[in-house]
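>>> Let me see the structure of the following:
(one chain, ligands or ions: 1)
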Amino acid sequence: MSKAVVSTLYDSDVFRMACRQFDQAADAINLAEDIRDRTKYPRRCLAVSLPIKRDNGGVTVFEGYRVQHNLSTGPSKGGLRFHEGVTLGEVAALAMWMSWKCSLVGLPYGGAKGGVIVNPRELSQSELEHLSRRYMQEMIGFVGPQIDIMAPDVGTNEQIMAWMMDTYSNHAGHISPAVVTGKPISLGGSEGRREATGAGVAYLVRKYLEDMKLAVDKSTVAIQGFGNVGSEAALALSSMGARIIAVSDYTGGIYNPAGIDVKKALNYVRYSRVLKDFDGGEPIGNAQLLELECTVLVPAALERVITQDNAPRLRCRLLAEAANGPTTNEADRLIEGRGDIELIPDVLCNSGGVIVSYFEWLQNLQSFYWGRDEVLAKLYAILDKAKDSVEYQKRKLKFSRRLAALTLGIARVAEAKQKRGLFP
Ligand code: NAD
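Here you go, the predicted model:
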């Protein structure tokens, strides 16, 4: 069998990490050789230059990407990241994980992801609007409600989704809300979307704690990242009675063993934009936070923060991967070897976001809107089903939970490709 001839286009630590996960899963289920490379590698990508007029009269050119990993099972779906550390390889890895995630939870989507190399905090509101609109302008033809649907990720939010929807709609000549999800409710956003990822994380944490015979209201939680996902997970877990003992953002963290007042921390961040100097606890570093003794550790920021260096020093009982790709392959092996930490893998743990994005897309296509309770009930039903299928696969094949989740997601994509056949 000939192997794929693959360029170094995506080569990076994080893309290699996603590829190693794929190879391990493909080996574990003896995936046929002739379908492996087709399933593994991204279908296509677009790299764009984004010239933006600055408030001072100058022009800056930013670089952006969109990677569509799989379009065999539906339009592709995935967030857009604005961050100075974005690379094409990172976007490709994130797109790959989106494919397995959508497949695992049974959504009719392939995976995609986008990114722009920019620190959005260094742009004014009008510069951010120019950048968002220019990105969407460059993507017209490559995205659309039946082609590829964007959503918020690190550094992007509802307002950015609104500008992108408006730009696309102006081009289409009519309002086209289904081209992006995570929009404001007034523009066709879904009830429950803003909190969906964090609420889904909290829901699964409670379920897994129950399986471990631990009560959520007697648990302590440390959360790295206090943006959309981290703060919503903190709110949901504290409303279940858990004690949030540490939270952090890119400026560092706050530690309070007696419990942080999450609403107060959120109000502080809304006003001052960062957690730094919040007086609800002692300052703590991001690296220290990961090693705190706690019941639940929730990485909710960036990839590859749990490594072979700190994995032996983790002191949690449950590791809930709210971020995508927070655990390196080496750390994964070490954690599994330790046997004292349960892990909810990212493709399951943070899938609440894309599930409610799917609901938003459906509501947009039908122009028929659901209430918050209905959205959340449907979300939890899908999460329950996905969790059950992962646990069944884990028991049946004696896999780690990550391997169980990845093999389910990958096998379904591979099967769809096999059934469609190869064109021409
Ligand atoms: P966000 O931009 O709203 O928040 C990111 C948070 O991480 C911020 O608090 C930021 O300060 C912090 N952060 C950034 N760099 C950091 C660093 N080096 N150390 C510590 N903290 C740092 O982004 P988000 O939407 O909450 O996404 C967080 C993670 O969740 C990402 O991995 C994303 O891919 C994943 N995710 C997001 C969604 C969603 O619906 N937004 C869905 C699924 C997965």
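>>> Residue 251 contacts residue 273, doesn't it?
No: between residue 251 and residue 273 there is no contact, the gap being 9.3 Å when judged by Cβ atoms under 8 Å. The C-beta positions use only the backbone N, C-alpha and C, and glycine is treated the same way.
>>> the more surrounded of these two?
residue 251 (15 against 11; other Cβ atoms under 10 Å).
>>> Next, the residue of the stretch 1-150 of the chain found nearest the ligand: secondary structure please.
For the stretch 1-150 of the chain, the nearest residue to the ligand under the criterion Cβ to the nearest ligand atom is residue 79, separated by 6.1 Å. With DSSP: H, G, I helix; E, B strand; the rest coil as the basis, the three-state label of residue 79 is strand.
>>> residues near the nearest residue to it once chain neighbours are set aside, how many?
On the basis of Cβ to Cβ, 6 or more residues apart in numbering, the spatially nearest residue to residue 79 that is not a chain neighbour turns out to be residue 153, at 2.9 Å. Residue 153 is surrounded by 24 other residues when neighbours are defined as other Cβ under 10 Å.
>>> What of residue 362?
Residues near residue 362, counting by other Cβ under 10 Å, number 14.
>>> Please apply the same query to residue 355.
Other residues within reach of residue 355 by the criterion other Cβ under 10 Å amount to 26.
>>> Helix or strand: which one has it?
Using DSSP states H and E, the element containing residue 355 is helix 352-366.
>>> So is that helix next to the ligand?
Yes: if you take Cβ under 6 Å from any ligand atom as the test, helix 352-366 does meet the ligand, through residue 353.
>>> Report all helices and strands that that helix contacts.
For helix 352-366, the packing partners by 3 or more Cβ pairs under 8 Å, 6 or more residues apart in numbering; DSSP states H and E come out as strand 76-83, helix 88-104, strand 148-152, helix 193-211, helix 372-397.
>>> now do 6 Å
In this structure, helix 352-366 makes packing contacts with helix 193-211, helix 372-397, judged by 3 or more Cβ pairs under 6 Å, 6 or more residues apart in numbering; DSSP states H and E.
>>> how far out from the middle of the chain is it?
Going by Cα atoms, centre = their mean, to the nearest Å, the spacing between the C-alpha centre of helix 352-366 and its chain's C-alpha centre is 15 Å.
>>> In the stretch 151-300 of the chain, what residue lies closest to the ligand?
When distances are taken as Cβ to the nearest ligand atom, the stretch 151-300 of the chain reaches nearest to the ligand at residue 227, 1.7 Å away.
>>> how many other residues sit next to that residue?
The burial count for residue 227: 18, using other Cβ under 10 Å.
>>> So it versus residue 82, what's the distance?
Note on residue 227: its distance to residue 82, by Cβ to Cβ, to the nearest Å, is 12 Å.
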